[in-house]
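[1] Sequence first, then the predicted structure:
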Amino acid sequence: PEEVRSAYAGNAEQSILGHSQYAIFGYIVDGIFQNQAQVDAAPKQVGAGVGRLIYKDLNKDGVIDSKDQEFFGTTLPKLEYGVRINLAYKNFDLAIFGSGVSGRIGQDPYITDDLFVQSRDNAGPGTLNAWTPTNTSSSIPAVTLSNNNNEFRVSNYLYRNNSYFKIRNLQFGYSLPSQIIKKWSMSQLRIYFQGENLFWFTPKGYIGSDPERTNTSQIPVPTTYSFGVSVNF
């Protein structure tokens with residue numbers, strides 16, 4: 001389409017006039033070819049075959065090519081938010097902080113690493129549920145060492161809704177009664193447990209672990225637990 005321009009020569013990224021620079025422009029996947037008759041009846045698609053991804057013929061010209069791409073989302077979230085909760089009951093206290101983003105898409109790195117066989121190296125466990133003639137309900141393409149269908153092209157199969165909400169910090173504490181600690185000349189003695197990066201919620205269809213880890217070669221953000229004592233005299 002005329003409104004799509006390459007960012008600069010040699011760069012695979014594309015700019016879409018009227019959209020954010022973080023807009024994603026690519027192909028729309030419409031399932032998996034189930035049999036040869038379906039392949040033969042489909043628009044001409046290089047690499048098409050039984051068990052391979054089907055790409056939509058958006059301009060209805062009978063050929064799957066670069067003209068069948070469209071804007072299908074942005075990596076820029078529509079909303080970033082945080083929630084803080086502080087509760088206290090008698091000598092107990094609880095503090096929770098969480099934050100998240102919504103209204104964005106992103107490349108799920110676990111799709112290419114877990115669902116595809118890219119070489120003769122070890123494959124991810126997702127390939128065990130790949131499409132076969134006896135497992136036709138699978139949304140994972142059939143296992144192959146070739147990529148004639150170019151299934152790593154930008155599409156809504158690789159880019160998914162990766163909005164998330166994370167519990168980033170949780171602290172639970174207990175303060176000993178004053179009648180006990182005053183014997184030790186203390187004004188406060190508090191024991192607490194704290195956890196960081198505890199867990200998160202992601203949409204159905206996002207198979208990655210941490211949504212903030214966009215590359216599986218990166219070291220994951222660790223989950224940490226700690227215990228502590230706070231003393232005031």
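    Sure thing, it's come through.
[2] drop to CA atoms for contacts and neighbour counts, all remaining ones
    Fine.
[3] my read is Leu170 is in a strand, agree?
    Yes - Leu170 sits within a strand when classified using DSSP: H, G, I helix; E, B strand; the rest coil.
[4] I figured it hits Asp93, correct?
    No - contact status for Leu170 versus Asp93: not in contact, 10.8 Å apart, counting by Cα atoms under 8 Å.
[5] Compare those two and say which is more crowded by neighbours.
    Applying other Cα atoms under 10 Å to Leu170 and Asp93 shows that Leu170 carries more neighbours, namely 19 against 16.
[6] Identify the residue spatially nearest to the more buried one, adjacent ones excluded.
    Ile96 (4.5 Å; Cα to Cα, 6 or more residues apart in numbering).
[7] Could I get the contacting residues of the one you found?
    Ile96 makes contacts with Val83, Arg84, Ile85, Asn86, Ile167, Arg168, Asn169, Leu170, Gln171, as judged by Cα atoms under 8 Å, 6 or more residues apart in numbering.
[8] Can I get those in CSV including distance to Pro125 and pLDDT?
    Shown next, in CSV, are the contacts of Ile96 (distance: Cα to Cα, whole Å; pLDDT from 0 to 100):
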residue, distance to Pro125, pLDDT
Val83, 35, 97
Arg84, 37, 98
Ile85, 38, 98
Asn86, 41, 98
Ile167, 28, 96
Arg168, 29, 96
Asn169, 31, 97
Leu170, 32, 98
Gln171, 35, 98
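[9] Quick one, which of the residues you listed are buried?
    Ile167, Arg168, Asn169, Leu170, Gln171 (16 or more other Cα atoms under 10 Å).
[10] Show me the beta-bridge partners of the last one.
    Applying DSSP bridges to Gln171 gives these bridge partners: Ala95, Gln194.
[11] Make sure it is actually in contact with Tyr192.
    Yes - look at Gln171 against Tyr192 with Cα under 8 Å: they come within range, at 6.8 Å.
[12] Strands of this structure, residue ranges please.
    4-6, 14-16, 23-26, 29-32, 53-55, 70-74, 79-89, 92-102, 105-107, 159-161, 164-175, 188-201, 224-232 (DSSP state E).
[13] Out of those strands, which one sits most buried?
    strand 53-55 (a mean of 24; mean count of other Cα atoms under 10 Å).
[14] Contacts for that one next, please.
    So strand 53-55 is contacted by Tyr27, Ile28, Val29, Asp30, Gly31, Ile32, Phe33, Ala48, Ile64, Pro141, Asn149, Glu151 (Cα under 8 Å, 6+ apart).
[15] Scan the helices and strands of the protein for the one with the lowest mean pLDDT.
    Lowest mean confidence among the helices and strands of the chain (mean pLDDT, DSSP states H and E): strand 4-6, at a mean of 56.
[16] Please give me every residue in contact with the residue lying closest to Val101 once chain neighbours are set aside.
    Excluding the flanking residues, the one nearest Val101 by Cα to Cα, 6+ apart is Glu80, at 4.4 Å. Under the criterion of Cα under 8 Å, 6+ apart, the neighbours of Glu80 are Ser99, Gly100, Val101, Ser102.
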